[in-house]
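Student: structure for the following, please:
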Amino acid sequence: MTLNVVKHHRWWFAISSILVIISLISIFMKGFNFGIDYTGGTIVEVVFEQPVEVSQVRDVLKEYNLENAQIQLSGDTTGDTSGKDVMIRTRNLESSESAAVVESLTKNVGQNTVKRIETVGAVIGSEVTEHALTNLLIAFLALAIYISYRFEYKVAISALIAIFHDLIMVLGVFSYFQLEIDASFLAAVLTVVGYSMNESVVIFDRVREIHIRINVLIHLQTLQTPLLHKVFIVVSIHWQLLCLPAYLFMYLVGIQRRTLRFV
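Tutor: Below you'll find the model as predicted:
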């Protein structure tokens, strides 16, 4: 069975265009939910007399709408998610809010001693973001030059449009659902762009190879349907299925390692 992509190309373009438009509207209207890695915040570090569970601390923070705060165990710990020395990193808090949080921790979790309450700057500075964007632009230009030289300029334009499409979709999802953007977001975006670049080069190289083998003039739709089927199914989907176990492994192990010391 051959997937007739060309026959329904208007539907694919329409669906893709609608999603891109929604993403752009969300990006410009709602913006992004930047975490404290980008905006800075407040660090509250306390030492409890007895080991406490991270879940106990987070339950207290929920009362102040701080359930997304980063809770780090430092010093001696009695397990993966419990310890005496607890450091809470959250959004900027007023002195009264910090005092209320500490008081609530004392009342609901246990007696503790405050080691420090201080305001910290953003972990991801504007300079780091600027360098990442510069490197991204250089990568785009290098890819355009390479594809234009290896194939033709029309193919380079198509590849760049596909990459921008993937990038906008990722940004749109984070903006629409207001997912928190933390320190790992920049690396994730660069990873998506890297995979998109790699797939664009592989796919267009496969298309060129198939075109070279065919010397008979055939109607465009007759030619492109089996060609796109081979490229889309054999190259793209099979490649993603091959990488999926690695994605799942990194996700599951990453979550497990995160719960060890930094929850």
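Student: ok, longest helix in the chain?
Tutor: Taking DSSP state H as the criterion, the chain has its longest helix at helix 183-213.
Student: quick one, helices of the chain?
Tutor: 9-29, 36-39, 54-62, 95-108, 126-150, 153-176, 183-213, 220-229, 238-261.
Student: tell me the contacts of the nearest residue to residue 166 once chain neighbours are set aside?
Tutor: Closest residue to residue 166 apart from its sequence neighbours, by CB to CB, 6 or more residues apart in numbering: residue 196 at 4.4 Å. Where C-beta positions appear, they are placed from N, C-alpha and C, glycine not excepted. Residue 196 sits next to 162, 163, 166, 167 when contact means CB atoms under 8 Å, 6 or more residues apart in numbering.
Student: kindly report the same for residue 145.
Tutor: Residue 145 neighbours (CB under 8 Å, 6+ apart): residue 156.
Student: distance check, it against residue 151.
Tutor: Distance, residue 145 to residue 151, by CB to CB, to the nearest Å: 11 Å.
Student: repeat that for residue 135.
Tutor: On the measure of CB to CB, residue 135 and residue 151 end up 24 Å apart.
Student: the two - which one has more neighbours?
Tutor: residue 151 (17 against 11; other CB atoms under 10 Å).
Student: these two touch, right, that one and residue 209?
Tutor: No - in this structure, residue 151 is not within contact of residue 209 by CB atoms under 8 Å, at 11.1 Å.
Student: what about stretch 45-61, distance to the chain center?
Tutor: 29 Å (CA atoms, centre = their mean, to the nearest Å).
Student: biggest separation within the contacts of residue 196, which pair?
Tutor: Farthest-apart pair in the contacts of residue 196 is 162 and 167; separation 9.8 Å (CB to CB).
Student: before we move on, back to that, make TSV out of the helices of the chain and add distance to residue 116.
Tutor: Converted to TSV, the helices of the chain look like this (distance: least, CB to CB, whole Å):
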stretch	distance to residue 116
helix 9-29	37
helix 36-39	16
helix 54-62	16
helix 95-108	11
helix 126-150	25
helix 153-176	32
helix 183-213	21
helix 220-229	60
helix 238-261	19
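Student: need the winner for burial among those.
Tutor: helix 36-39 (a mean of 20; mean count of other CB atoms under 10 Å).
Student: show me what it is in contact with.
Tutor: For helix 36-39, using CB under 8 Å, 6+ apart, the contacting residues are 70, 89, 90, 91, 92, 122, 123, 124, 181, 182, 183.
Student: between which two of the residues you listed is the distance greatest?
Tutor: Greatest spacing in the contacts of helix 36-39, by CB to CB: 92 and 183 (17.6 Å).
Student: burial measure for the nearest residue to residue 115 once chain neighbours are set aside, as a count.
Tutor: Computed as CB to CB, 6+ apart, the closest residue to residue 115 that is not its neighbour in sequence is residue 45, at 4.4 Å. Residue 45: 18 surrounding residues under other CB under 10 Å.
Student: quick check, residue 45 in contact with residue 89.
Tutor: No - between residue 45 and residue 89 there is no contact under CB under 8 Å: 9.3 Å.
Student: who's in contact with residue 176?
Tutor: 22, 23, 26, 30.
Student: quick one: residue 49 and residue 37, what's the gap?
Tutor: Residue 49 is 31 Å from residue 37, by CB to CB.
Student: and residue 22, by the same measure?
Tutor: Distance from residue 22 to residue 37, by CB to CB: 27 Å.
Student: what of residue 25?
Tutor: For residue 25, the distance to residue 37 - CB to CB - is 26 Å.
Student: on the pLDDT front, check the closest residue to residue 81 other than its chain neighbours for me.
Tutor: Counting by CB to CB, 6+ apart, the nearest residue to residue 81 once its immediate chain neighbours are dropped is residue 54, at 4.6 Å. We have a pLDDT of 88 for residue 54.
Student: was I right about residue 54 contacting residue 71?
Tutor: Yes - counting by CB under 8 Å, residue 71 is a contact partner of residue 54 at 5.3 Å.
Student: please consider this matter closed, and thank you.
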